[in-house]
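Q: all I have is the shape, not the residue letters:
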């Protein structure tokens, strides 16, 4: 039994600039952090008497070959590595899917980590990340970017500088423990209860950025350029330990996101956002991920408990989190011969 644990992520700045439709013309920049909410993948070799492959997620698939697997990420990862044996693959997540925390990237990187362990191979985090990008972006042709895969593989507070050729330079932002505690106290996360496909939201952005004849092209690209610049400023705010400045820049980010697409937010969230700024001194906020629902982060310097009660009353409970410095890792790797090694 091989078990991997892979963190989810929260984008702090530059979200959306990691899509090829933008970075191929302008270069991309993302500042993000991984959190202590995880995707767990369990890969086990089944009995020789049973040659079927079993994939367990929100559904259960029992198939005779990899080509029959309906789960696209599992199918392509297993196919890429030539894993055709009688295996059982199960995924369990701390957070719901389709909620903006990069669950597909975490699933894929965690699975690739498990496959490497299964094959007794070692791969650096960058190799796992690029392999995951290749599967999602080139093989499956999904309109996604590169940040989810890289954050899942590396973990921590990271900058991702993406060249026009798609090469990713990974940087570390040193954030001390006091700043982290201030962040989780003031930047509070709430679950909206809305699940949506990130690819559905990103497709509109991707099409507008890619097609210069689109009536939305100039507006979307200009907004993304502003978001990229804002990402650099947010990174500096963290380096300067000025989180209130980060909170105010979140409000700028909200406005730029609104300009990009009507599907980024929901009318109920827009109205609620205006209200919490007036009532509880919220400096800024962001819908985590591509938009359209999922989780919302609100930066509230002083009236956090009152804000929690208000959000809960509106059906949006607070979710506790804490940044983690580790990316995807194998947490258990038991072979059939482990029992014979005890005490040796």
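A: Structure received. All values derive from a computational prediction rather than experimental measurement.
Q: ok, residue 118 touching residue 41?
A: No: if you go by C-beta atoms under 8 Å, residue 118 and residue 41 don't touch, sitting 10.7 Å apart. C-betas here are computed from N, CA, C, even on glycine.
Q: which one of the two is surrounded by more residues?
A: Higher neighbour count among residue 118 and residue 41: residue 41, with 28 against 18, using other C-beta atoms under 10 Å.
Q: surely the more buried one meets residue 3?
A: Yes: if you go by C-beta under 8 Å, residue 41 and residue 3 touch, sitting 7.1 Å apart.
Q: which residues do the two both contact?
A: By the contact definition C-beta atoms under 8 Å, 6 or more residues apart in numbering, residue 41 and residue 3 are jointly contacted by residue 114.
Q: any idea how far the residue nearest to the spatial centre of the chain is from residue 237?
A: Central residue of the chain (C-alpha atoms, centre = their mean): residue 102, 2.2 Å from the mean position. When distance is defined by C-beta to C-beta, to the nearest Å, residue 102 is 22 Å away from residue 237.
Q: also residue 70?
A: Residue 70 is 44 Å from residue 237, by C-beta to C-beta.
Q: give me the more crowded residue out of those two.
A: residue 237 (20 against 10).
Q: so what's the more buried one up against?
A: 243, 245-246, 249.
Q: nearest to residue 83 among those residues?
A: residue 246 (42.9 Å; C-beta to C-beta).
Q: the closest one: neighbouring residues, count only.
A: 25.
Q: verify the stated contact: it with residue 12.
A: Yes: counting by C-beta under 8 Å, residue 12 is a contact partner of residue 246 at 7.5 Å.
Q: shared neighbours, those two?
A: Counting by C-beta under 8 Å, 6+ apart, the shared contacts of residue 246 and residue 12 are 234, 238.
Q: ok so, going back, nearest to residue 53, of the contacts of residue 237?
A: For the contacts of residue 237, the minimum distance to residue 53 (C-beta to C-beta) is 45.9 Å, reached by residue 246.
Q: what's in contact with whatever helix or strand the closest one lives in?
A: In the assignment (DSSP states H and E), residue 246 maps to helix 243-260. With contact meaning C-beta under 8 Å, 6+ apart, helix 243-260 is reached by 12-13, 16, 179, 182-183, 186-187, 205, 208, 219-220, 223-224, 226-227, 230, 233-234, 237-238, 264-265, 270, 273, 277, 282-287, 291, 297, 299, 301.
Q: dump the contacts of residue 237 into a markdown table; add distance to residue 159 as well.
A: Listed next are these as a markdown table, based on distance: C-beta to C-beta, whole Å:
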| residue | distance to residue 159 |
| --- | --- |
| 243 | 17 |
| 245 | 17 |
| 246 | 15 |
| 249 | 16 |
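Q: now the two most distant members of the residues you listed.
A: Distance extremes for the contacts of residue 237: the farthest pair is 243 and 249 at 10.3 Å, using C-beta to C-beta.
Q: now stretch 237-246: buried residues?
A: 237-238, 243, 245-246 (16 or more other C-beta atoms under 10 Å).
Q: kindly report the same for stretch 126-146.
A: Here stretch 126-146 shows 128-133, 135-137, 140, 142-146 as buried, counting by 16+ other C-beta under 10 Å.
Q: what sits up against that stretch?
A: Against stretch 126-146 from outside (C-beta under 8 Å, 6+ apart): 16-21, 23, 28, 30, 72-73, 76-77, 80, 104-105, 108-109, 112-113, 116, 123, 149-150, 152-154, 160, 162, 166, 168, 170, 198-199, 202-203, 206-207, 328.
Q: filter the residues you listed to the buried ones?
A: Counted by 16+ other C-beta under 10 Å, the contacts of stretch 126-146 give 16-21, 23, 28, 30, 73, 76-77, 104-105, 108-109, 112-113, 116, 123, 149-150, 152-154, 160, 162, 168, 170, 198-199, 202-203, 206, 328 as buried.
Q: so which of those sit within strands?
A: 28, 30, 160, 162, 168, 170 (DSSP state E).
Q: and the last one, what does it touch?
A: The one in question is residue 170. 126, 150, 154, 158-160.
Q: and residue 215, helix, strand or coil?
A: coil (DSSP: H, G, I helix; E, B strand; the rest coil).
Q: quick one: it and residue 226, what's the gap?
A: In terms of C-beta to C-beta, residue 215 sits 19 Å off from residue 226.
Q: more neighbours: which of these two?
A: residue 226 (15 against 8).
Q: the stretch 151-300 of the chain: helices as residue ranges?
A: 177-186, 198-210, 217-239, 243-260, 267-280 (DSSP state H, counting those that start in this stretch).
Q: buried set for the third one?
A: Spelled out, it's helix 217-239. Buried, per 16+ other C-beta under 10 Å, within helix 217-239: 217, 220-221, 223-224, 227-228, 230-231, 234-238.
Q: same deal with stretch 77-97?
A: So stretch 77-97, judged by 16+ other C-beta under 10 Å, has buried residues 77-79, 81, 83, 86-91, 93-95, 97.
Q: who touches residue 322 in this structure?
A: 35-36, 180, 184.
Q: run the last query once more with 10 Å
A: 35-37, 180-181, 183-184 (C-beta atoms under 10 Å, 6 or more residues apart in numbering).
Q: most neighbours among these, please name it.
A: residue 35 (23 neighbours).
Q: for that one, give me phi and psi.
A: phi -130, psi 170 (degrees, to the nearest 10).
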